[in-house]
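1. Have a look at this fold, sequence not included:
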């Protein structure tokens, strides 16, 4: 289990897991939000050694507000992937799950709202990611559920009110290049998308 803090990774692993020399690690008894943030001033990866990783994560989660979101990797007829550019980084369309919505419905809505693309065809579940962030002094952990879609629609309209500058169909090489200016969570989603072979219209 990994919780990302922007470009830093907090990993929860079994207590008997071997830790490489020089790697930052703490026991679950030492785990607090303040300590994690302090560690990330000097390292970009911190390992938590746990007797029970799920229990340790639940205790850590109590220091945050928990929110859920959903998003999608969308392919066109030529296999290009839809990416958005927002706040200086390449991203994938996603957003909060509204009350009464299931994750898949929210993913379709968010993709359509943020990119203007329609006619999405569900291609499968991918993964879910966790990331923590500070919003005006309030810490949140967001779990995002990711799905694969295909579409024959090609026109895009970036949702500028959400600070999205562009919504672009990208070749495999362009996706690889864009991932250099993206987030670890997005790299994880693209890896899973390619690994599972859900990058076809089907």
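-> In hand now; what should we look at? Bear in mind the structure is a predicted one, so any value in this text is a computation, not a measurement.
2. which residues touch residue 149?
-> Applying Cβ atoms under 8 Å, 6 or more residues apart in numbering to residue 149 gives the contacts 72-75, 107-108, 111, 120-123. From N, CA and C alone the C-beta is placed, and that goes for glycine too.
3. That one belongs to a strand, doesn't it?
-> Yes: judged by DSSP: H, G, I helix; E, B strand; the rest coil, residue 149 forms part of a strand.
4. Now list the buried members of the contacts of residue 149.
-> 72-75, 107-108, 111, 120, 123 (16 or more other Cβ atoms under 10 Å).
5. and the longest strand for this structure?
-> Using DSSP state E to define each element, the chain has its longest strand at strand 121-135.
6. on that earlier part again, can the contacts of residue 149 go into CSV with extra columns for distance to residue 141 and pLDDT?
-> Supplementary listing: the contacts of residue 149 in CSV, determined by distance: Cβ to Cβ, whole Å; pLDDT from 0 to 100:
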residue, distance to residue 141, pLDDT
72, 21, 97
73, 22, 97
74, 26, 96
75, 29, 95
107, 19, 98
108, 24, 97
111, 23, 97
120, 27, 96
121, 31, 95
122, 27, 95
123, 28, 94
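7. Can you tell me which of these is closest to residue 7?
-> Proximity of these to residue 7 (Cβ to Cβ) peaks at residue 73, which lies at 20.8 Å.
8. what about the closest one, helix or strand, and which?
-> strand 65-75 (DSSP states H and E).
9. tell me the angle that strand makes with strand 121-135.
-> On the basis of axes from the mean of the first three to the mean of the last three Cα atoms, to 10 degrees, strand 65-75 is oriented at 140 degrees to strand 121-135.
10. helix or strand right after strand 65-75?
-> strand 81-86.
11. how about low-confidence regions in this structure?
-> 198-202 (pLDDT under 70).
12. rerun that using 80 as the cut-off
-> In the predicted model of the chain, residues 21-22, 197-202 satisfy pLDDT under 80.
13. ranges for the strands of it?
-> Taking DSSP E to define them, one finds strands in the chain at 2-5, 8-14, 24-27, 45-50, 65-75, 81-86, 89-91, 94-96, 121-135, 138-150, 164-170.
14. Quick one: distance of stretch 68-87 to the chain centre.
-> On the basis of Cα atoms, centre = their mean, to the nearest Å, stretch 68-87 sits 12 Å off its chain's mean C-alpha point.
15. re the thing from before, from the buried ones among the contacts of residue 149, which is closest to residue 168?
-> Proximity of the buried ones among the contacts of residue 149 to residue 168 was ranked by Cβ to Cβ; the top entry is residue 74 with 11.5 Å.
16. how near is the closest one to residue 23?
-> Distance of residue 74 to residue 23, given as Cβ to Cβ, to the nearest Å: 37 Å.
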